[in-house]
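Participant: Could you look at this predicted model? Sequence included:
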Amino acid sequence: MRLGDVKNLVESTADAAFAVDSSGLIVAWNNPAEVMFGLQSSDAIGKACGQIVRGMDECGMVCSEDCSVLRATRQRHPLPNFDLQVQTPEGRKWCNLSVLMVGEGRKAPSYTIHIVRPVDVSKKLEMLVRDFVVSETHLPREQAAAMISSTRTPDRETDLTSRVKEVLSMLAKGVRTAGIAEQLHISRTTVSNHVQHIMRKLGAHSRLEAIRRAEHAGLI
């Protein structure tokens with residue numbers, strides 16, 4: 001699909017919408033997006049998506065140069081809609097995002113179209129209900145969230161191998177690289193490679209952030 005066709009699709013919806021190319025740069029930005037984000041198309045187009053949207057979930061920053069959406073796009077792996085807290089002129093607000101992958105034939109999609117719908121009030125109610133369930137039933141916060149929420153971020157859809165999950169579980173218990181290598185009978189280099197893989201998969205910038213995201217996603 002040509003860029004002109006992508007722009008027409010973005011303009012055809014009354015919801016805030018924008019398109020991103022395969023390198024993560026915004027290439028189309030409609031009028032409702034200008035209103036929601038408080039940015040003219042001239043200020044958004046050509047910029048990195050994460051730099052403009054600055055999306056966060058309950059664990060922290062989600063947007064990055066190699067976010068879950070970009071990785072899924074390269075693998076031609078469709079994503080369900082998910083909730084994300086984005087930056088607006090009135091402060092951060094919860095929105096629901098749908099991502100449409102646009103490409104030709106079997107080639108990797110050239111563009112992703114993001115459709116953004118405000119859900120701030122309903123999301124805050126969901127979080128209040130979650131906190132109430134935790135306080136009344138003493139369920140772990142992650143389990144309560146999984147029971148209530150129907151819109152998982154891409155990080156929560158991440159598939160990890162059993163070995164990588166073993167490494168992740170040990171990290172969560174505070175085991176260091178040398179200890180993991182000894183217990184699993186693998187080299188420290190292999191452990192480090194697994195950790196880097198985990199961080200990339202979860203869009204995390206540190207081991208602690210990866211653990212938090214994995215716990216929130218119910219992976220450990």
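Facilitator: Noted; the coordinates are in hand. Residues are numbered from 1 along each chain as shown.
Participant: host element of residue 17?
Facilitator: Element membership for residue 17 (DSSP states H and E) is strand 16-21.
Participant: Can you list the strands that the helix or strand following that strand pairs with?
Facilitator: Sequence order places strand 26-29 as the next helix or strand after strand 16-21, per DSSP H and E. Sheet pairing for strand 26-29, assigned by DSSP bridges, gives strand 16-21 (antiparallel).
Participant: Distance from the partner strand to the middle of the chain?
Facilitator: Remark: strand 16-21 is offset 15 Å from the chain centroid, using Cα atoms, centre = their mean, to the nearest Å.
Participant: now swap in stretch 67-74 and tell me
Facilitator: The chain centre lies 9 Å from the centre of stretch 67-74; the measure is Cα atoms, centre = their mean.
Participant: Equivalent analysis for stretch 57-73, please.
Facilitator: With Cα atoms, centre = their mean, you get 4 Å for stretch 57-73.
Participant: And it, what's buried?
Facilitator: Neighbour-count burial for stretch 57-73, with 16 or more other Cβ atoms under 10 Å as criterion, is recorded at 57-59, 61-64, 67-70, 72-73. For the C-beta atoms, the positions are set from N, CA and C on the backbone; glycine is no exception.
Participant: Thought residue 180 was touching residue 170, still the case?
Facilitator: Yes: using Cβ atoms under 8 Å, residue 170 is in contact with residue 180, at 4.9 Å.
Participant: Give the residue from the two that has the larger number of neighbours.
Facilitator: Of the pair residue 170 and residue 180, residue 180 is the one with more neighbours under other Cβ atoms under 10 Å, namely 23 against 18.
Participant: Pretty sure that one sits against residue 173.
Facilitator: No: if you go by Cβ under 8 Å, residue 180 and residue 173 don't touch, sitting 9.8 Å apart.
Participant: avg pLDDT for the strand ranked longest in the chain?
Facilitator: Scanning the chain for the strand with the most residues, using DSSP state E, yields strand 91-102. Throughout strand 91-102, pLDDT has a mean value of 87.
Participant: following that strand, which helix or strand comes up?
Facilitator: As assigned by DSSP H and E, the chain's next helix or strand after strand 91-102 is strand 111-118.
Participant: Now for residue 88: which residues touch it?
Facilitator: By Cβ atoms under 8 Å, 6 or more residues apart in numbering, the contact set of residue 88 is 36-38.
Participant: and those, which are buried?
Facilitator: Counted by 16+ other Cβ under 10 Å, the contacts of residue 88 give 36-37 as buried.
Participant: would TSV of the contacts of residue 88 with distance to residue 200, pLDDT and secondary structure be doable?
Facilitator: Formatted as TSV, these follow (distance: Cβ to Cβ, whole Å; pLDDT from 0 to 100; DSSP: H, G, I helix; E, B strand; the rest coil):
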residue	distance to residue 200	pLDDT	secondary structure
36	30	92	helix
37	27	93	helix
38	32	94	coil
